[in-house]
Every structure is written in structure tokens, then in C-alpha cells.
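I'll drop the sequence and a predicted model, then ask my questions.
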Amino acid sequence: MLQQRILILSVFIVASCGLAYELIAGALASYLLGDSILQFSSIIGCYLFAMGVGSHLSKYVKEQDTLACFIDIELLVGLLGGLSATLLFLVFAWMGTPFRTVLYVLVFLIGVLVGMEIPLVMRVLNRQGENRPDFAEIVSRVLTFDYLGALVVSLLFPLVLAPKLGMARTALLFGLLNAAVALWATHTFKHEIKAHRAKQTRAAIVLVLLIGSFFYADRLTQWSERGLFGDEIIHAQTTPYQRLVVTKWKDDLRLHINGNLQFSSRDEHRYHEALVHPTLEKLPWAKRVLILGGGDGLAAREVLKHKNIEQITLVDLDPAMTKLFSHSEPLVKLNQGAFLNPKVHIINADAGQWLEQNTEQFDAIIADFPDPSNFGLGKLYSVPIYRLMARHLSENGLLVIQSTSPYFAPRSYWCINATLKEAGFHTYPYHAYVPSFGEWGFILADKKGNYAPPTQYTEPMRFLDGEVTRLMFTFPADMQPWPVEPNRLNNQKLVHYFEQDWRQVMR
């Protein structure tokens, strides 16, 4: 029977939409709050619990009201789920504090509604006249299409939908699908539904609202991000890996990844000079440099100041990042066209996997990863990764690591130092003041233990000189070492330290 087949197809759509809202909520929470494992785990738990509540509540729907209730639920899910990403962006940007409350209330409400959908569809199928299949067949078909829909969305979301449409439009697309199912049901079962014309009108209104929101989603997202960042947004992009936003105020360009400031063009020279030159000034013979991370090209810009360097290999996960800093005129001007230099070879790959699979050796390695705010990033600061780096570093070479703030995140900073020692390196911690971040930390390491900071620089610097460098390698009383454990993959202590440190700062 055609109605039965279309109802089964609607299960596929409903299941796809339900999982999509769950993935969007988890991804947005990870973008905006960090710690992806905690966010996804808590959201999945809340969502599944809510679905259980919804399944229980479905039994209170009277038999004669099953279809009408199903249509109302589809419209509510389409409206709430479709607008969920836009609403969360707006709340985070303009209200801040209630974000977690709104997030979990929204996840719970959507979960309850999604939990009611499948039991109601099964009840509708079970009463479809003489030609209906037996109940075992109904359960089998419904659950098959339910799980199949979940599989399709779980593949499409990270590979196609999030990078191509962004979070807001992806949510609205699935909201439209829910509303379309409701509109189809009001038409197909019009003789079985009281006041079906009113429901058709309601479904049409929801569809129009969601279609309008779909076309204005970018404006709404940019408006919310303008509230979050304050400055004019000149570029915003969601990639499979992160949310990139570039802002401008007068002559100040700023890059934000997942809402976190990565650099300000007014003072990034302090950070990148401190990251690169205490290492390369001591290696006048160096020819090959490996940069891990550094997709903005600013570290590569500093490395290119050393005329002895013949090759720079830069490994950064996100091709959208390196493409942006290779083609955007103001950003290319900022990194002085580093990615257009024939000495620079860009590889878009996971740094850990690349280190494991590659056999090249380098005279210097510069690790400019984002802070270890989640377990995916924390692994890049672990003992196994540092041992892989040691395999790629020449015997007389030097390694330098971006290491968070020794003032604001002391446990994290000294954990990175302890991890390098555990991996067999001799370490030389140092710090520099960067106005946008405050005191920021780096750790230099070698295999032989004979490093001494440079007392002068052959290339002209805006920030560094011999005296500034001497002070960088000296730690005042309020930045002394902490007793911490190394960061191993089985416990990821660094991520826990990082959360502790910044939780105290935010109090």
C-alpha cells in the first residue's frame, strides 16, 4: 500500500533529522565551550534520556489522535530543531551566561519530541486496514529505516553538510524536512484528521518561516558573531574541523578559531618572534625546518627571515585555513606571502599521522598547535607524539613548542615541560609578554642538553634583543614550576590541567 510505504520513508527522514539535531548541538557546544568529549557525551546522554521520556509519553496519546499528534510533533521538531543552531549562536553571542541552560533545555525538548515520533508512526502503521503487515514486520521495517537514516546523516554531516552549509543552514534544512513530512501527512490522511485544513495552514506557515530563515541564516549568524567579537567580520567559514572567523578594527586583524582568539595583527610579532628566533638563531647551519600547525603562515614568515633555510615543510590539518592565508589579500600581506614562497611546502594532514608515516629529518621543528582544550588537541602534546618528533629531529637540532600561559595555566605549561622530559628531551622553558594574551609560554628542547639562549640576533627584530631574550628564560616567583604528571595518551592529564587552570581564571 502506497501510504504504508511513504510512512516507512518518513521514518527514514524523521530518524535523519533527529540525529542531525543531536550532532549539531554537540558540534556547536564543542565549538563554543571546548572539550568535545564532555560536550558530546553530555548532550548524547541528555538527548537519549529525553527520547526515552518521549517514548513513554507517547502512550498517553489517544488512538484517534495519533495522526494529528504526529503532525503537530513534526512541526514542533522542525521549528525547534531547525532554528536551534541560530538560536544557540544568538544566545552565546548576546547573553553568554544562560547558554548552557538554553542548550540543554533545547536538547531535552527536541529529544522528547523525537522520542515520540517512532512509536506514533508504528501505531499509525498498525491500524492501516486489512493489508497492513503483522506487527513484527512493522517493527522490523521501522527500525531498519530508523537506523539507516541515522547512518546516512552521520556520514553526510561531517563530510558535506557542516562544511558546505554551516551549522545554522544544516539545522534549517532538516527542519524543512520535518515540516515537509507534516505537510505530506495532512494531505495524505486528510479524511482521518479533524480540522486538517488548519493543520495544513500551520504546516505551510512553518515551512515558509524555515525557508525564509534558511536564506537569511548567514546574516543572522554574522549578526550573532558580531555581538560575540565586537569588530567587523571580514571572513567567516565553517570547515570540517573548525569555525574560522577573521575580524577587523582599524588596522587590527584578528583570527578566531571556534570563538578563541588566535592572534591580533598588532602584537602577533611578539609571539612569533619569540616562537621562532631563539631556536633558529642558534642554528646558522640549519637548512630544513618542520612547522606543525601554523596554518596562518606567520611562523613560516619568521623562519624565512633566515637566509640559510632552504626548505620549510608545514603540516596543518585544515586545508581551508592554509588556503585562506594563501589567497586573502590582507592575510597574505600579514604573513608577507609566506605560503607563496617556493621554499614552503604545505601538507594538509593530521600532524600525528604524518609524523608516524614520514621518515624525513629536520634541523628544527616548530610546533604551533592550538591550546590543548580537548582530547583531540591534547594528543598532540603527548609523550608518544614528542617521541615521534625526536625521530624527525637531527642530533644537533632544536624543537620548540607553543605551551600556553605559565601565568594563567601553570599546570598545563609545566605538564608540557614534564612531557618533553618524559620523551627524552632536555628542556629550556621561556615566556614572553603578548598584550592580547598576557604572559605566554614556550618550551625549547634538544637531545644533548647544550642549548644556551642567543645574546644577539643577526636579523633585525621588532621585539627581541639579547636582554629581552635573557629575561624570557628567567621565571619570577609567581611563575615557578608546579608538580605535575606528564601527558600520556591513556590519561590525557594535560587536558584536565588545562580545564582546571582556565576554570580558576574565569572565576
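Yes, it's here.

alpha carbons only for contacts and neighbour counts from here, please
Will do.

Now do the end-to-end distance for stretch 282-301.
Terminal residues of stretch 282-301 are spaced 18 Å apart (C-alpha to C-alpha, to the nearest Å).

do stretch 283-291 as well
Stretch 283-291 has an end-to-end distance of 16 Å (criterion: C-alpha to C-alpha).

got it, and stretch 438-453?
Terminal-residue distance, stretch 438-453 (C-alpha to C-alpha): 22 Å.

Touching that stretch from outside, list them.
The contact list for stretch 438-453 (C-alpha atoms under 8 Å, 6 or more residues apart in numbering) reads 271, 275, 278-279, 282, 390, 395-408, 413, 417, 420, 424-434, 469-470, 473.

can you pull the buried residues of it?
By neighbour count with 16 or more other C-alpha atoms under 10 Å, stretch 438-453 contains the buried residues 439-447, 451, 453.

one step back: which of the contacts of stretch 438-453 fall in helices?
Those of the contacts of stretch 438-453 mapping onto helices are 271, 275, 278-279, 390, 413, 417, 420, 469-470, per DSSP state H.

Among the contacts of stretch 438-453, name the buried ones.
Buried members of the contacts of stretch 438-453, scored by 16+ other C-alpha under 10 Å, are 271, 275, 278-279, 282, 390, 396-408, 413, 417, 420, 424-434, 469, 473.

ok, I234 - how many residues close by?
Applying other C-alpha atoms under 10 Å, we find 12 residues neighbouring I234.

separation between it and H256?
I234 sits 12 Å away from H256, going by C-alpha to C-alpha.

Next, show the common contact partners of the two.
Contact with both I234 and H256 is made by residues 245-246, according to C-alpha under 8 Å, 6+ apart.

Low-confidence stretches in the stretch 51-200 of the chain?
Along the stretch 51-200 of the chain, the parts satisfying pLDDT under 70 run over 93-97, 127-135, 138, 195-196.

Which helix or strand lies directly C-terminal to the helix or strand of the chain with the lowest mean pLDDT?
Ranked by mean pLDDT, DSSP states H and E, the weakest helix or strand in the chain is helix 217-229, scoring a mean of 67. Where DSSP states H and E defines the elements, the next helix or strand beyond helix 217-229 is strand 232-238.

Can I get that following strand in CSV, CA atoms only?
Provided in CSV are the C-alpha atoms of strand 232-238 (Å, rounded to 0.1, in the frame of the first residue of the first chain):
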residue,chain,number,x,y,z
GLU,A,232,33.7,43.9,11.7
ILE,A,233,33.7,40.3,10.4
ILE,A,234,35.6,40.2,7.1
HIS,A,235,35.6,36.4,6.8
ALA,A,236,33.6,33.6,8.4
GLN,A,237,33.8,29.9,7.5
THR,A,238,32.8,26.6,8.9
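
Give the next helix or strand downstream of that strand.
strand 243-249.

ok, that next one: who's next to it in the sheet?
strand 232-238 (antiparallel), strand 252-257 (antiparallel) (DSSP bridges).

buried residues in that strand?
Across strand 243-249, burial judged by 16+ other C-alpha under 10 Å covers 243-248.

same deal with stretch 157-177?
157-158, 161-177.

next one: that stretch to chain centre, how far?
15 Å (C-alpha atoms, centre = their mean, to the nearest Å).

any residues touching that stretch, and which ones?
Here stretch 157-177 makes contact (C-alpha under 8 Å, 6+ apart) with 13, 16-17, 20-21, 23-24, 28, 77-86, 207, 210-211, 213-214, 217-218, 221, 237-240.

Show me just the buried residues among these.
13, 16-17, 20-21, 23-24, 28, 77-86, 207, 210-211, 213-214, 217-218, 221, 237-240.

A338 is in contact with G297, correct?
Yes - here G297 reaches A338: they are 5.9 Å apart, a contact under C-alpha atoms under 8 Å.

Which one's more surrounded, these two?
Between G297 and A338, counted using other C-alpha under 10 Å, the more crowded position is G297 (27 against 23).

Tell me which other helices or strands the helix or strand hosting F40 touches.
Element membership of F40, judged by DSSP H and E, is helix 36-57. Helices and strands touching helix 36-57, by 3 or more C-alpha pairs under 8 Å, 6 or more residues apart in numbering; DSSP states H and E, are helix 2-33, helix 99-125.

Output the ones you listed as CSV; include the columns distance to F498.
Formatted as CSV, the helices and strands packed on helix 36-57 follow (distance: least, C-alpha to C-alpha, whole Å):
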stretch, distance to F498
helix 2-33, 13
helix 99-125, 20
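
Compare those and give me the one nearest L304.
Nearest to L304 among these is helix 2-33 (32.8 Å), distances taken as C-alpha to C-alpha.

now that closest one and strand 243-249, what's the angle there?
Counting by axes from the mean of the first three to the mean of the last three C-alpha atoms, to 10 degrees, helix 2-33 points 50 degrees away from the direction of strand 243-249.

Okay, buried residues for helix 2-33 please.
4, 7-33.

hmm, back to that, flag the least confident of the buried residues of strand 243-249.
pLDDT across these is lowest for R243, at 80.

picking that back up, which of the buried residues of stretch 157-177 fall within strands?
Residues of those located in strands (DSSP state E): none.

Okay, now the unreliable bits of the stretch 401-507 of the chain?
506-507.

For P486, give me its contacts.
Residues in contact with P486 (C-alpha under 8 Å, 6+ apart) are 382-383, 415-419, 422, 493-494.

Let me have the residues you listed in JSON lines, extended by distance to I312.
Output for those, formatted as JSON lines (distance: C-alpha to C-alpha, whole Å):
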{"residue": "S382", "distance to I312": "24"}
{"residue": "V383", "distance to I312": "24"}
{"residue": "C415", "distance to I312": "29"}
{"residue": "I416", "distance to I312": "25"}
{"residue": "N417", "distance to I312": "25"}
{"residue": "A418", "distance to I312": "28"}
{"residue": "T419", "distance to I312": "26"}
{"residue": "E422", "distance to I312": "28"}
{"residue": "K493", "distance to I312": "32"}
{"residue": "L494", "distance to I312": "29"}
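
separation between the residue lying closest to G337 once chain neighbours are set aside and I309?
Ranked by C-alpha to C-alpha, 6 or more residues apart in numbering and with sequence neighbours excluded, the top spatial neighbour of G337 is S326, at 7.2 Å. For S326, the distance to I309 (C-alpha to C-alpha) stands at 20 Å.

Next: K287.
4 Å.

Between those two, which is the more surrounded one?
Neighbour count, other C-alpha under 10 Å: between K287 and I309, I309 has more, with 19 against 16.

among the ones in helices among the contacts of stretch 438-453, which two are most distant?
Based on C-alpha to C-alpha, the longest span within the ones in helices among the contacts of stretch 438-453 runs between A390 and R470 and measures 26.3 Å.
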